[in-house]
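Enquirer: need the 3D shape of this:
(2 chains)
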Number of protein chains: 2
Amino acid sequence: MNEEIYALINNNPINIVKLHHLIAGMNTVDIADIFEHLNKEKTIQLFRLLPKSIAADVFSYIIPEKQQVIVEALTNSEVGRIMNELFVDDAVDFIEEMPANVVKRVLQNVDEEKRKIINQFLRYPEDSAGSIMTTEYVDLREYSTVREAFDYIRSTGVNKETIYTCYVIRRDRLLVGAISAKTMMLANQQSRIGDIMDTNLVFAYTTDDQEKIADLFKKYGLLALPVVDTEQRLVGIVTIDDIVQVIEEENTEDFEKMAALNPSDEPYLKTSILKLAGNRILWLLVLMLSATITGSIITSFEESLAVLPALVAFIPMLMDTGGNAGAQASTLIIRGMALGEIQIKDALKILWRELRIGILCGFVLGIVNFVRVYLMYDKNIQLSFTITSSLFLTVIIAKSVGCTLPMIAKRLKIDPAIMASPLITTIVDAASLLVYFSIARAVLKI
Amino acid sequence: MNEEIYALINNNPINIVKLHHLIAGMNTVDIADIFEHLNKEKTIQLFRLLPKSIAADVFSYIIPEKQQVIVEALTNSEVGRIMNELFVDDAVDFIEEMPANVVKRVLQNVDEEKRKIINQFLRYPEDSAGSIMTTEYVDLREYSTVREAFDYIRSTGVNKETIYTCYVIRRDRLLVGAISAKTMMLANQQSRIGDIMDTNLVFAYTTDDQEKIADLFKKYGLLALPVVDTEQRLVGIVTIDDIVQVIEEENTEDFEKMAALNPSDEPYLKTSILKLAGNRILWLLVLMLSATITGSIITSFEESLAVLPALVAFIPMLMDTGGNAGAQASTLIIRGMALGEIQIKDALKILWRELRIGILCGFVLGIVNFVRVYLMYDKNIQLSFTITSSLFLTVIIAKSVGCTLPMIAKRLKIDPAIMASPLITTIVDAASLLVYFSIARAVLKI
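Expert: Okay, the predicted model is just below:
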């Protein structure tokens, strides 16, 4: 399908009838995808050829750099029409990605009322309910009948982002209830909205973090959520399609933090090399310098190592196994807390679980390791015992540190995700080397 | 609120009027939460006291171990009523968690028609569209008018999971279109469904993986998706609330694989210690044994280490920095591929980016490291140069390996997530030690 379209667009002049015919059979998301691979000239040409009825919808799905190309080429009145047709949340998303000169031109050409709303949205803190909500919702009154409500929806609903949940407000936009289109369709047409509306409302405040909003959607299986100001006045709604994006964003942030990266909203391929390197360097520096501690532990045991150089060969194995064992524990705890399955009050229970898991894993690894060292190092039973007991203790320490640090972070209201493998590895390294050399000195008498 | 309820339930006899009054003001999800902290006797007592109209809905949100307690205590006819009222997907979820004897009893007491559907669902492969879909959708005919469609929805819609997207079928249930309740509400009541329905359908097959389904929801911003069999006959729909769960499951699976864990569906606190240890031990063993390679590299350079024991002190720093640098690259690539932002065809572009990022990061880390070693080790410029140049090359190798392995996995149709930090650390460890000792021999002439 797409190849046919590309062939068509690259012809000159373009066969508009055929293009419209092809486009009529496509989803607007797929139409927007076409723009990604067009040059500047073709981007503008194709956008101008889109049927007016779908232009704004397609525009909202086009990638920002192409949106900018398009807006810079359009006339002021064309820009105004597109902006007026966009949902407020899509318009705000678009404006947030644009450079200042484009923003100025866009805001100059939008309706005054919409401009006010957009300006207000741009002031909400990033990642707050206010920044992801939309104002296109249906508001009803308690004294209306279902029939009146439907007439109202028919006359205004075409521009609303969802009509499937309607919100019931009193004077001053005070939120008092919600009613689903389903309830209204199944109800008697003469019923009063106030009598059949749902008053057990789940709602959020404009300043609530988007992560909290996503948790509400997940917990209650919502399609939309009303957002109120500090005086319980309805100011917007958040819809599920935006929440799916929020969930993926929050997960990406956790993945990045857990790999010692500075989180970033931009896709990898669209981020400059300098920015990518910048997001990585700080943690690498911190962790590199903290490895000085491990270095000085080794230095302080240099004499023992001189007596038995074979000891050095096991350092990577001990460090890596400790690091991996710790990462396993921390990942499960961090993820469990993110999903709300693990609470701080479970801390002691978790530590006790991880201790037992550490003993089990350490025991199995220890046996395999004992056999290997015993066979590979001339059946040296003292050496085998030293390595194996160090490994056993390392795994237990790693599991304990791995589960404890994320919970401490949570308690201190720091994001547990930064307490992930890299930091834990550094701590476990130091602990395992101390254990290792102490046991070696005692057992091997060096 | 919950404390008031707990106090009420622990009274004997329970004040039923007051209980019903309290429950009437609560969301069914919150009511289900109460059961988590009740003992067996109180669980059964409270469930029996729930208003009949919400019992099945509450039941679908109760945790599996309490669901079992309840089902075991109910009479056959009570079990039958609950099962008949559950949506098919909720009933299947419940049955999949129950032991064989409970499943048998449940299936014996459900309507024959529903039993057939449930049995069919239980045969779909795990994590397929078939296993997460539901059969409670509204199906319309092309020749119906909008008014007739609404009458049909009013008479049957109360038992449907969603009425906001209706599906249009021909003879033999062949799927030909979809129409939203919004379109119908805004249309003329005499219009024919066939004339105003949407024929640009996004749909899935019963055998499609749930990850693919989630991608379709994200891409097209869907609320529901029709599922067809191999002959394009409509057999069910998937709704957005289940997709939100799928997205979180898939993310959890990636987190677990990336931390060298065997992925598991069960929440951490509900999994036995033995199972948790089992999920961790395999990868720990593999990675521990593969560290034998690093050990033998060190052994083969034992003589050099004997000449200059200080070299050992830098091994942890080199290994950890390499591991962290590799994990940063692999995490971004794995995540980018999971979100569809990175394709295999970008492989060379990505390798070239990571090489440059590696040079940048390696350069900054190298300078800091040079100064530190130079000052701490008696201004030994050869030693400083050896460590710094090894570090520089290690970072570049780590970034290259870190970005390449996940892409190779993807190419081989293996899940890229298992090519994460632990495996990359092992490879980078070996490479960095080889580089380190080779440079040390050449520069320090040992």
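Enquirer: would residue A:316 count as being in a helix?
Expert: Yes - applying DSSP: H, G, I helix; E, B strand; the rest coil, one finds residue A:316 inside a helix.
Enquirer: tell me who's in contact with it.
Expert: Residues in contact with residue A:316, defined by C-beta atoms under 8 Å, 6 or more residues apart in numbering or on different chains, are B:291, B:294-295, B:298, B:315, B:319, B:429, B:433. Any C-beta I mention is one placed from the backbone N, CA and C, and that applies to glycine too.
Enquirer: got the phi and psi for the nearest residue to it once chain neighbours are set aside?
Expert: The shortest distance from residue A:316 to any non-neighbouring residue, by C-beta to C-beta, 6 or more residues apart in numbering or on different chains, is to residue B:294 (3.9 Å). Dihedral pair for residue B:294: phi -60, psi -40, per degrees, to the nearest 10.
Enquirer: equivalent analysis for residue A:38, please.
Expert: With angles defined as degrees, to the nearest 10, residue A:38 sits at phi -100, psi 150.
Enquirer: nearest spatial neighbour of it, skipping sequence neighbours?
Expert: residue A:46 (6.4 Å).
Enquirer: report how many residues lie close to the one you found.
Expert: Other residues near residue A:46 come to 21 when the count uses other C-beta atoms under 10 Å in any protein chain shown.
Enquirer: so which bits of the strand or helix carrying residue A:32 are buried?
Expert: Element membership of residue A:32, judged by DSSP states H and E, is helix A:28-35. For helix A:28-35, the neighbour count (16 or more other C-beta atoms under 10 Å in any protein chain shown) marks A:28, A:30-35 as buried.
Enquirer: with stretch A:277-285 instead?
Expert: A:277-281, A:283-285.
Enquirer: which positions in the stretch 1-150 of chain A make contact with chain B?
Expert: When proximity is defined by C-beta under 8 Å from any C-beta of the partner chain, the stretch 1-150 of chain A lies next to chain B at A:25-27, A:29, A:150.
Enquirer: is stretch A:199-210 positioned near chain B?
Expert: Yes - on the criterion C-beta under 8 Å from any C-beta, stretch A:199-210 is in touch with chain B at A:199-200, A:202.
Enquirer: hey, which helix or strand in chain A has the poorest pLDDT?
Expert: Least confident helix or strand, chain A: helix A:2-10 with a mean of 80, by mean pLDDT, DSSP states H and E.
Enquirer: what's that one packed up against?
Expert: helix A:16-24, helix A:28-35, helix A:40-49 (3 or more C-beta pairs under 8 Å, 6 or more residues apart in numbering or on different chains; DSSP states H and E).
Enquirer: could those helices go into a markdown table alongside mean pLDDT?
Expert: Below are the helices and strands packed on helix A:2-10 laid out as a markdown table (pLDDT from 0 to 100):
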| stretch | mean pLDDT |
| --- | --- |
| helix A:16-24 | 84 |
| helix A:28-35 | 89 |
| helix A:40-49 | 89 |
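Enquirer: dump those to JSON lines, plus distance to residue B:372.
Expert: Shown next, in JSON lines, are the helices and strands packed on helix A:2-10 (distance: least, C-beta to C-beta, whole Å):
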{"stretch": "helix A:16-24", "distance to residue B:372": "62"}
{"stretch": "helix A:28-35", "distance to residue B:372": "50"}
{"stretch": "helix A:40-49", "distance to residue B:372": "49"}
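Enquirer: wait, doesn't residue A:150 sit right on residue B:185?
Expert: Yes - using C-beta atoms under 8 Å, residue A:150 is in contact with residue B:185, at 7.0 Å.
Enquirer: after the helix or strand where residue A:363 lies, which helix or strand is next? Please name it.
Expert: Here residue A:363 sits within helix A:347-376, counting by DSSP H and E. Using DSSP H and E, the next helix or strand after helix A:347-376 towards the C-terminus is helix A:381-411.
Enquirer: now do that next one and helix A:347-376, the angle between them.
Expert: For helix A:381-411 against helix A:347-376, the angle by axes from the mean of the first three to the mean of the last three C-alpha atoms, to 10 degrees is 160 degrees.
Enquirer: which strands or helices does helix A:381-411 pack on?
Expert: Against helix A:381-411 (3+ C-beta pairs under 8 Å, 6+ apart) you get helix A:315-338, helix A:347-376, helix A:421-444.
Enquirer: okay, those helices, which one's buried deepest?
Expert: Neighbour counts (mean count of other C-beta atoms under 10 Å in any protein chain shown) averaged over each of the helices and strands packed on helix A:381-411 peak at helix A:315-338, with a mean of 28.
Enquirer: got the angle for that one vs helix A:347-376?
Expert: Going by the same axes, to 10 degrees, helix A:315-338 makes 160 degrees with helix A:347-376.
Enquirer: could you check the angle helix A:421-444 makes with helix A:315-338?
Expert: Using the same axes, to 10 degrees, helix A:315-338 lies at 140 degrees relative to helix A:421-444.
Enquirer: all helices for the stretch 51-200 of chain A, in order.
Expert: Using DSSP state H, counting those that start in this stretch, the helices assigned to the stretch 51-200 of chain A run over residues A:52-61, A:64-73, A:76-85, A:88-97, A:100-109, A:112-122, A:129-132, A:146-156, A:181-186, A:193-196.
Enquirer: output those as CSV; include the columns mean neighbour count and mean pLDDT.
Expert: What follows is these, written out as CSV (neighbours: other C-beta atoms under 10 Å in any protein chain shown; pLDDT from 0 to 100):
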stretch, mean neighbour count, mean pLDDT
helix A:52-61, 17, 89
helix A:64-73, 18, 90
helix A:76-85, 17, 88
helix A:88-97, 20, 85
helix A:100-109, 15, 85
helix A:112-122, 15, 84
helix A:129-132, 23, 88
helix A:146-156, 16, 89
helix A:181-186, 19, 88
helix A:193-196, 16, 93
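Enquirer: as JSON lines, the ones you listed with distance to residue B:174 would be great.
Expert: Compiled in JSON lines, the helices of the stretch 51-200 of chain A are given as follows (distance: least, C-beta to C-beta, whole Å):
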{"stretch": "helix A:52-61", "distance to residue B:174": "28"}
{"stretch": "helix A:64-73", "distance to residue B:174": "38"}
{"stretch": "helix A:76-85", "distance to residue B:174": "36"}
{"stretch": "helix A:88-97", "distance to residue B:174": "35"}
{"stretch": "helix A:100-109", "distance to residue B:174": "46"}
{"stretch": "helix A:112-122", "distance to residue B:174": "44"}
{"stretch": "helix A:129-132", "distance to residue B:174": "39"}
{"stretch": "helix A:146-156", "distance to residue B:174": "32"}
{"stretch": "helix A:181-186", "distance to residue B:174": "27"}
{"stretch": "helix A:193-196", "distance to residue B:174": "38"}
